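Novice: okay, structure incoming, though there's no sequence with it:
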């Protein structure tokens, strides 16, 4: 999604998009987020991530966040629904 600027602070907001309709048996998702030195960013999602029944295997999501000196990051995902 394109960046959104809510005010004149220079802090950018991005919506993270889920590539599918929800998490199913055996799904694995890895997200790597990094903020450069002095950057200000907010990350959020459009809606809750749907997790469907997983009778054969579990669904797994891993998020790794790296911040450089003086950076500021707000990570505000919409709460998940079961």
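Specialist: Nice, I can see it. Values in this document were obtained by computation on a predicted structure and should not be read as measured data.
Novice: for this structure, just list every one of the strands.
Specialist: 12-16, 28-35, 40-45, 60-67, 72-76 (DSSP state E).
Novice: so for residue 5, which of the ones you listed sits nearest?
Specialist: strand 12-16 (6.1 Å; C-beta to C-beta). All C-beta atoms are positioned from the backbone trio N, CA, C, and that covers glycine.
Novice: for that closest one, packing partners?
Specialist: Contact partners of strand 12-16 among helices and strands, from 3 or more C-beta pairs under 8 Å, 6 or more residues apart in numbering; DSSP states H and E: strand 40-45.
Novice: could you check the strand it packs on and say which residues are buried?
Specialist: 41-43, 45 (16 or more other C-beta atoms under 10 Å).
Novice: list the strands paired with it, with their directions.
Specialist: Sheet pairing of strand 40-45 (DSSP bridges) gives strand 12-16 (parallel), strand 72-76 (parallel).
Novice: start to end distance for stretch 45-62?
Specialist: 16 Å (C-alpha to C-alpha, to the nearest Å).
Novice: what residues does it touch?
Specialist: 15-18, 21-31, 77-82 (C-beta atoms under 8 Å, 6 or more residues apart in numbering).
Novice: residue 75 - nearest residue in space that isn't next to it in sequence?
Specialist: residue 43 (5.1 Å; C-beta to C-beta, 6 or more residues apart in numbering).
Novice: got a list of what residue 10 touches?
Specialist: residue 40.
Novice: give me phi/psi at it?
Specialist: Dihedral angles of residue 10 (phi, psi; degrees, to the nearest 10) stand at phi 90, psi -10.
Novice: any idea how far it is from residue 65?
Specialist: 20 Å (C-beta to C-beta, to the nearest Å).
Novice: please apply the same query to residue 9.
Specialist: 21 Å.
Novice: same thing with residue 74?
Specialist: In terms of C-beta to C-beta, residue 74 sits 11 Å off from residue 65.
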